[in-house]
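Engineer: next comes the sequence, and after it the predicted model I'd like to discuss.
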Amino acid sequence: MGEFTILPAVDLKGGKCVRLRQGRADDETVYGEDPAAQAREWTRQGAAWLHVVDLDGAFQGQPAHLAVIGEMVAAAGIPLECGGGLRRDADLEALLAQGVRRAILGTRALEQMDELAALAAKYGDRLAVGIDAREGFVQVKGWTETSRTTAVELAKRAAAAGVRTIIYTDTATDGMLRGPNFIGNAQLCDAVGPACQVIASGGITTADDIVRLRALGKVNLAGAIVGKALYEGRTTLVELLAAARG
């Protein structure tokens, strides 16, 4: 990834592009019927990476959109990172076989933490851990359960296991268009150390949010994921990319 990467988010549910409000499956807005066309459009607008979430996969515990994701990889022509339901090795392999550049472990990273070192050694920078937290505590299984593990604790253990990328989402801010959790992102960057990059997610609404994230001065804060703000026209990818270049 470059200096600071903006990753447009495409969330998949029932084969369509949707956004959920604070991750709730019963509170969705459909933004597009054709995920491959959406992927192509973000590339056209200048995206260097895409962030894809298989929401049905996250809720079901196994990927539900492998063919669609493969079509998105082909259409985009830029690297995709993707997560949602990657609880078994076979599912992880199947996703990477679709051409996804980086697979994101969520629930499994927490529940099978002892396997992270082996997975990190095997997959290197093709593996990321997604840490979704509310009030500092990790949420799992499509955000339907909150654990007793803190985001900082899981991040430290993932980094110690050799994981090179952590995607940190504050689920209280996700889809709310009120700005990201700046303090939480700064704390996570400090917790994992410079060898592990952090990508911020949740609540990013304006180009100024990107300016403020970069102003935190964390060398390992590598990028930000933006979804709802783009789809609802609160900002444009062009504006966000300009802020990222600074």
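Structural biologist: Yes, it's here.

Engineer: what segments of this protein are helices?
Structural biologist: 35-44, 55-60, 66-76, 89-97, 107-111, 116-123, 151-160, 182-192, 207-215, 228-231, 237-245 (DSSP state H).

Engineer: export these to CSV and tack on mean pLDDT, mean neighbour count and distance to D132?
Structural biologist: Just so you know, the C-beta spots here come from the backbone N, C-alpha and C atoms, and that holds for glycine as well. Listed next are these as CSV, based on pLDDT from 0 to 100; neighbours: other C-beta atoms under 10 Å; distance: least, C-beta to C-beta, whole Å:
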stretch, mean pLDDT, mean neighbour count, distance to D132
helix 35-44, 98, 19, 22
helix 55-60, 93, 21, 10
helix 66-76, 98, 20, 20
helix 89-97, 97, 17, 18
helix 107-111, 93, 22, 9
helix 116-123, 97, 17, 16
helix 151-160, 97, 22, 8
helix 182-192, 97, 19, 12
helix 207-215, 98, 18, 18
helix 228-231, 94, 21, 16
helix 237-245, 98, 17, 22
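
Engineer: which among those is found nearest to I199?
Structural biologist: Ranking those by proximity to I199 (C-beta to C-beta) places helix 182-192 first, at 9.4 Å.

Engineer: follow-up on the earlier one: what's the closest of the helices of the chain to G130?
Structural biologist: helix 107-111 (7.4 Å).

Engineer: about what we covered before: export the helices of the chain as JSON lines, with columns for distance to D11.
Structural biologist: Putting those into JSON lines (distance: least, C-beta to C-beta, whole Å) gives the following:
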{"stretch": "helix 35-44", "distance to D11": "9"}
{"stretch": "helix 55-60", "distance to D11": "5"}
{"stretch": "helix 66-76", "distance to D11": "12"}
{"stretch": "helix 89-97", "distance to D11": "16"}
{"stretch": "helix 107-111", "distance to D11": "17"}
{"stretch": "helix 116-123", "distance to D11": "23"}
{"stretch": "helix 151-160", "distance to D11": "21"}
{"stretch": "helix 182-192", "distance to D11": "21"}
{"stretch": "helix 207-215", "distance to D11": "19"}
{"stretch": "helix 228-231", "distance to D11": "10"}
{"stretch": "helix 237-245", "distance to D11": "17"}
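
Engineer: these: which one's closest to W143?
Structural biologist: W143 lies closest to helix 55-60 among the helices of the chain, at 7.9 Å (C-beta to C-beta).

Engineer: list the helices and strands that closest one packs on?
Structural biologist: If you count contacts as 3 or more C-beta pairs under 8 Å, 6 or more residues apart in numbering; DSSP states H and E, helix 55-60 packs onto strand 5-13.

Engineer: report all helices and strands that the strand it packs on contacts.
Structural biologist: Applying 3+ C-beta pairs under 8 Å, 6+ apart, we find strand 5-13 packed against strand 16-20, helix 35-44, strand 50-54, helix 55-60, helix 66-76, strand 197-201, strand 221-226, helix 237-245.

Engineer: can I get the ones you listed in TSV with distance to L188?
Structural biologist: Compiled in TSV, these are given as follows (distance: least, C-beta to C-beta, whole Å):
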stretch	distance to L188
strand 16-20	23
helix 35-44	26
strand 50-54	17
helix 55-60	21
helix 66-76	27
strand 197-201	5
strand 221-226	9
helix 237-245	19
